[in-house]
Structure formats: C-alpha cells, structure tokens
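**Q** Take a look and give me a structure for this.
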Amino acid sequence: MLFFKNVKIMFWVDAVLCAAYIKNRCPSNAIRNKTPYELWYGHVPLVKHLRIFGSTCYALIPKVHRNKLGARSRKCIFLGYSNTSKAYRLYDEVNKKFVVSRDVIFLESSKSDNVVERQLDRLDRFTKTKSFQEFDNQIPHLEGGIPILDQHMESSSEEQSPLHETPTTDDPLSDVIDRIGRLNLDSVPTQSTEQPGPSQKGPPKWLTKTLESVHPNEIGKTGTRKSNQQNGGDVDDSNSPIDMDVTYDCELNLSTDFEPTSFKEAASHDEWKEAMKKEYDALIKNGTWKLVGPPFGTKPIGCKWVYKNKYKADGSLDKHKARLVAKGFAQKEGVDYEETFAPTAKWATIRTLFALAAQNGWKVHQMDVKTAFLNGDLKENVFMSQPEGFAVKGHEHKVCKLVKSLYGLKQAPRAWYEKLTEHLMKLNFNHFDLDDATLFVKKVGKTIVYLVVYLDDLLMTGNNESYIASIKKELGKSFEMTDLGYVHYYLGIEVTQHPKSIFLSQKKYIGDFLNRFCMTECNPLSTPMEQNLTLTSIEGNEFEDATKYRHLVGSLIDLTTTRPDISFTVGILSRFMQKPCEGHWSTAKSVLRYLKGTQDLGIKYTQEDDFSLIGYSDSDFDGDKETWVSTSGYAMSLGSGAIS
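**A** The predicted structure follows:
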C-alpha cells in the first residue's frame, strides 16, 4: 500500500489501520466465508465507500471556513477512515495538517478539471451540514519521516530507500508486520557512557504494544529510537506522540459465545446441533403438526431456525437455545389468522406484586413455560414446510399442517394466552380483566395466591407455601414447565429477596449499557440533568447519527423500570427522537454519567406500618418555550416504594 502509491513511510500506522479496516470487511475461510465485521455487528458491511489508499483527493472546505476569494477545496492524500465518524481521514501536504471530512472527491482514475469542478458544485449545494475537521500534524520530523524499518541502523550514512521500492509480499499488512518484527536490539550500536549524547532508553511503548498484539514471537527484538536534541542537550521524549501507546481497533475480538445466523453455521457446532435436536423433539412430543400432502391451491409458509445464547444474572452463559420460527409475514389476514392481540403484564402490576409480598413477608416464585406458544390451539388451517435439516426421510415432499401454534405465527401469542387462561380458570383462579388481564387471584378460606403472567414467565406469591407448591404441580401436569424457585432474575431485573424487604435493580443492565456506549470510564455526575436546563428542538448542529440517539433513549426508557429518578429527564429527551441535535446527545450522555455513579440504586420495598397507596402529582406552567405546553407528572407509591 505504501510503496505502490508512493506514500511516505511515516504514514505506516495509517496503512496498518486502513488494511485492518479492509480485512475486517473481507470474507475469510477461517470463519466460514463470512467477514469479521458481519460476525461482530450481525449484518453485512457496506463497501461502496471504500477507496484506494494513497489516492489524491480534494476535500471540500465548507463556506463557514473559507472566504469569498479563497479556494473551496484542498488537495490531500487519502490515508484511511475515521474511527469516530463516517468520514475519511486525509493529509494535507501543503499545510502539514490532517483533515477529517465526508465531502471528498477522489482521483482514483484520471479526471478532467471540469469533472472535478462539477462534482464540487454538487457537494457545495448539498444542504446537509458539512463535516470538516483539521488537526495539527503530530508526527515528529515530518520532512525527514521515520527511518525505513528494515534498513541497517548501524550504517553511518542515512541512505533513503528508493521511492518505488517493490514490496516483498503480496499482503501489505503482512509486509509491515514483517518489517516491525525484523527490528533487532543487537543491531543497535552501543554508545559510550563517557560521551554526552542522547539517553539510551528501552524500546518505545508504541512498538512494544504493536509487537504484543500482532507479532508476539518477536517481543524483545525491538529497536531503540534516538531522543530529540535541543540546544545541545537531551530532551526526554517519553510523552511525544510517537512514544504513546498505540492500540488497533481491528474488530477481530469475536465473542466466544458464538450465535449462528444460519442453519449451515449451526450444523457445524455440536452444541447447536444438540439445541436444535431438543427443540425438534419438544415439537414432536407436543404434537405441534402432522405431515400431510401439499394442499392444492395453497402455498405453505416457510420456517427458519433462530439461535440465541441465554445468560444468567451474573452474565455467565446459561444455555444455547435454538427455536423454530414460522415465517408469519407470509400469512394473510382472514385466511391464515383472525385476531392477534394478547395482553402482557404491566410493570405497575408487577411492582405492586413485589410491594405486597414485601409487606407481608411472602416469597415470590418464578416459573418458566417451555415452548409456551406451542401450547396454543389453532383454529385456522395453516400449512408450513418441514424444518431445515429435519425433513422426514421418504416424506420430503410432504408439508406440516399445524395443529398447535408456533413461534412466528401472528396468532401465536393470543392462542397461548387463551389456553393458559382457560386452564387457570379450571383451577378456580379469578380473572381481573377490567384493568390488567394478566393478573389472577385465588382465594380458598384464609389462603390467597396471586399470579401474574408475562408471556411464558409466571410470578406467583401468597401466604401459603405448600399451597403454592400444589399449584405448581397442577400447572406442570398440563404444561412443560421449569420451576425456577424464588425469583432472582426476571425480564432483565435483578431481584433480591430478604425476610422483610425486596430490592429491584438493573446493575448488570447499566454495566452493559455503559460498555455499549463506551462510557465505562466516564466521570460520574450527581444529577441526571443540569438544574433549570430547558431543551428546545434546536440545540446546536444536527446530531450525525439519529439512530444511535434513539437507541440510547430507548435503552434509558427500559431502565426507568427500576430507576424512576431518571424518568423526567428521559421524558424530555424522548421529545427529540425524530431530529436530535448535539445538545440533546450531550444531555443524554449526562444521564449515562449519572448512572455510572449510581449503578447500585433501585427500588426497595420494605414492611411499613402505614401500608397505603399514596399519589403525588405536579405540573409546570408553559414549560415548553416553543409550544408553550405545560408538563405534568405523577408518582404512585404503595408502602415504601414507587409502583407507577
């Protein structure tokens, strides 16, 4: 890369980063002809933005950075891709500055001046905010560059390598790594301690770091670099940019908990083959379908395998889960399904259950229904192709006529809810469908049991442990269930039960959250939002990645389940999801900094003498300075903790 385009050797770091960037987007036989980027991010990378390293290019100078008579572009050399934005990293040889810009015209092939001018005109007329940044050159000895890595350092005369030197390998990255590895401390001449001169230091940190990461066998063979001399004395350059630790974001740290994206990938791993076998056996045991001949005039819907790793509360791997999912998007309303709505438990109901249990000193139990949606009975005729890899020998031409619901079908949640409700009613549970249709209560004399349903997760509490155990046994007769005992981890919530209190928190979620947005080392704040701060729709320039902002705010909304202290700030930030600005993003990051210092906080329910429902409400007047709309808020507490 360096020699083919005649780029100075001092830009070898940029060449390595650019090569790694490209390699991460190239298929590899070691990972079954997929790209490292695809395995890490879960989708195929875009490559239309790739350019030839070292190409001459012109970076558009935004109007705010140029005068009327000045040039509107700057001639640069393309060195790679920015790791902080969707922009190109360039170098301006005239002004000795690095440039990061998205508005660039590349001369990868011969172009006339008129063509370049027309392309610059189109960029200049584009209304979107221009991305353009300049950085002072941080490479010492710019004009002289860095000595060629494989030249003999004991040579008395500093001979320059030919400008058109031919690389020794076809792989530019391997060539650079090989050059680093050939450095040898033995080739450096020792210096007399009696004569004044540059201090003898160990190998630079950047070189040691590089060898540790890409060439571990050559550690200890690094060369030394002379320190800068100024005014005849020695200058310690330990803090110079080239002596700093260099890290390479090569995106090759693939997770050990591999999740296949196709049947072909899963079939090559024994653990996932076993997971698919368990799922298929459960479907057959449940009588989910029966094989029939292909129906005349009806096209069967397809199906696919979906793979997911299940984790424990401490983040360790619990099990590999393979699930057969019907391609419900191919269903037609009125033909394959009618009603689809199925209620789920409200968080206010779940928190009320915990508050009630803590007040009375009850234990909350959790049960998980295996393949819950498969228990629902179908009223419509739905035909599906046989699962990939499990077609019955001799009957490959047949299709599956679904008898019971399957994951992916539009009516599957409703069919499961109707089936479970019917069974609970047979067990003499009372159904409160006026407010929350997922709450069931059973009273027998002085014994009372509460049950809340959230899809396939059941929460149960009451004043009689033996009676709860009998209900579990009855449910286990009708459905294949797992008794998880006392609840510890429920829908991402960590539950800590004590004899007189129950504590709900999302510490693990916050830790993963901060790591996802690279805020694990941020400085904590004492409040989620600056006092008296009023946000409007225009807070600086438009934020470059609106999807990232929506992802952040959406995750914060999930966090309000156990953190009502951030509800107000999150509600404000939610107003700007359509077109966020940099000021909105900065405020959202302030919430992350607040969470950094308060990861252990949550909602604690304890026994109280006055166990009553108390509500608080308040509102401002004309709080929104753009629409002059007032903002109101409320909080409901039952006993010692908030429930809504």
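**Q** just checking, what packs against the lengthiest helix in the chain?
**A** As assigned by DSSP state H, the longest helix anywhere in the chain is helix 270-286. In terms of contacts (3 or more C-beta pairs under 8 Å, 6 or more residues apart in numbering; DSSP states H and E), helix 270-286 is packed against helix 263-266, strand 303-311, strand 317-326. For glycine as for every other residue, the C-beta is placed from the backbone atoms N, C-alpha and C.
**Q** Just the CA atoms of that helix, as CSV, please.
**A** Below are the C-alpha coordinates for helix 270-286, written out as CSV (Å, rounded to 0.1, in the frame of the first residue of the first chain):
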residue,chain,number,x,y,z
ASP,A,270,-22.2,-29.8,18.2
GLU,A,271,-23.7,-27.7,20.9
TRP,A,272,-26.1,-26.0,18.5
LYS,A,273,-27.0,-29.3,16.8
GLU,A,274,-28.0,-30.6,20.2
ALA,A,275,-30.0,-27.5,20.9
MET,A,276,-31.9,-28.0,17.6
LYS,A,277,-32.5,-31.6,18.4
LYS,A,278,-34.0,-30.7,21.8
GLU,A,279,-36.3,-28.2,20.2
TYR,A,280,-37.4,-30.6,17.4
ASP,A,281,-38.1,-33.4,19.9
ALA,A,282,-40.2,-31.0,22.1
LEU,A,283,-42.2,-30.0,19.0
ILE,A,284,-42.9,-33.7,18.1
LYS,A,285,-43.7,-34.6,21.7
ASN,A,286,-46.2,-31.7,21.8
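**Q** now the helices for the stretch 1-150 of the chain?
**A** 12-23, 36-41, 113-125 (DSSP state H, counting those that start in this stretch).
**Q** I'd like those as a markdown table, with mean pLDDT appended.
**A** Compiled in a markdown table, these are given as follows (pLDDT from 0 to 100):
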| stretch | mean pLDDT |
| --- | --- |
| helix 12-23 | 92 |
| helix 36-41 | 90 |
| helix 113-125 | 67 |
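**Q** among those helices, which is the most enclosed?
**A** helix 12-23 (a mean of 20; mean count of other C-beta atoms under 10 Å).
**Q** Next, name the residue at the spatial heart of the chain.
**A** R516 (5.5 Å; C-alpha atoms, centre = their mean).
**Q** Quickly note the distance from the residue lying closest to that one once chain neighbours are set aside to I510.
**A** Closest residue in space to R516, ignoring its immediate chain neighbours: S555 at 7.9 Å, by C-beta to C-beta, 6 or more residues apart in numbering. According to C-beta to C-beta, to the nearest Å, S555 and I510 sit 10 Å apart.
**Q** Among these two, which residue is more densely surrounded?
**A** The neighbour count for S555 versus I510, taken as other C-beta atoms under 10 Å, is higher for I510 (21 against 17).
**Q** wait, the more buried one sits on L595?
**A** Yes - I510 is within contact range of L595, at 5.2 Å (criterion: C-beta atoms under 8 Å).
**Q** Spell out which residues are contacts of both of the two.
**A** Shared contacts of I510 and L595, defined by C-beta atoms under 8 Å, 6 or more residues apart in numbering, are found at L559.
**Q** phi, psi of M460?
**A** When quoted as degrees, to the nearest 10, the phi and psi of M460 stand at phi -140, psi 140.
**Q** distance of it from D483?
**A** 10 Å.
**Q** Those two: which is more packed in?
**A** The neighbour count for M460 versus D483, taken as other C-beta under 10 Å, is higher for M460 (23 against 13).
**Q** Would you enumerate the residues in contact with the more buried one?
**A** So M460 contacts V364, H365, Q366, M367, V449, Y450, L451, V452, I468, I471, K472 (C-beta under 8 Å, 6+ apart).
**Q** pretty sure the fifth one contacts I468?
**A** Yes - V449 sits in contact with I468 when judged by C-beta under 8 Å, with a separation of 6.1 Å.
**Q** Report the set of residues contacting both of the two.
**A** Shared contacts of V449 and I468 (C-beta under 8 Å, 6+ apart): M460, T461, G462.
**Q** and the first one, what are its bridge partners?
**A** Think M460. H365, L451 (DSSP bridges).
**Q** Use 38 as the first number for this chain going forward.
**A** Okay, using 38 as the starting number, the last item reads as M497.
**Q** For my notes, please list the helices and strands packed on helix 307-323 in JSON lines and give mean pLDDT for each entry.
**A** Output for the helices and strands packed on helix 307-323, formatted as JSON lines (pLDDT from 0 to 100):
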{"stretch": "helix 300-303", "mean pLDDT": "90"}
{"stretch": "strand 340-348", "mean pLDDT": "89"}
{"stretch": "strand 354-363", "mean pLDDT": "88"}
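**Q** quick one: which of these is nearest D582?
**A** strand 340-348 (26.7 Å; C-beta to C-beta).
**Q** outside of that closest one, which residues touch it?
**A** So strand 340-348 is in contact with 294, 296-298, 300, 303, 309, 312-313, 354-364, 421-422, 424-426, 443, 445, going by C-beta under 8 Å, 6+ apart.
**Q** Just the buried positions in it, please.
**A** Within strand 340-348, the residues scored as buried using 16 or more other C-beta atoms under 10 Å are C340, W342, V343, Y344.
**Q** same check, this time on stretch 373-380
**A** In stretch 373-380, counting by 16+ other C-beta under 10 Å, buried: D373, Y374, A379, P380.
**Q** Could you tell me the end-to-end distance of stretch 550-563?
**A** 19 Å (C-alpha to C-alpha, to the nearest Å).
**Q** What average pLDDT does it get?
**A** The predicted model gives stretch 550-563 an average pLDDT of 90.
**Q** how distant is that stretch from the center of its chain?
**A** Centre-to-centre, stretch 550-563 and its host chain are 14 Å apart (C-alpha atoms, centre = their mean, to the nearest Å).
**Q** Extract the C-alpha trace of stretch 496-516 and format it as CSV.
**A** Taking C-alpha atoms only, stretch 496-516 is exported to CSV below (Å, rounded to 0.1, in the frame of the first residue of the first chain):
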residue,chain,number,x,y,z
LEU,A,496,-44.7,-14.9,39.0
MET,A,497,-46.6,-16.4,42.0
THR,A,498,-46.8,-15.3,45.6
GLY,A,499,-49.1,-15.9,48.6
ASN,A,500,-49.4,-16.7,52.3
ASN,A,501,-49.2,-20.5,52.0
GLU,A,502,-46.0,-22.0,50.5
SER,A,503,-47.4,-25.6,50.5
TYR,A,504,-50.5,-24.4,48.5
ILE,A,505,-48.3,-22.6,46.0
ALA,A,506,-46.3,-25.9,45.6
SER,A,507,-49.5,-27.7,44.8
ILE,A,508,-50.5,-25.1,42.2
LYS,A,509,-47.1,-25.6,40.6
LYS,A,510,-47.6,-29.3,40.5
GLU,A,511,-51.1,-28.8,38.8
LEU,A,512,-49.6,-26.5,36.2
GLY,A,513,-46.8,-28.9,35.5
LYS,A,514,-49.3,-31.6,34.6
SER,A,515,-50.7,-29.5,31.7
PHE,A,516,-47.6,-27.7,30.5
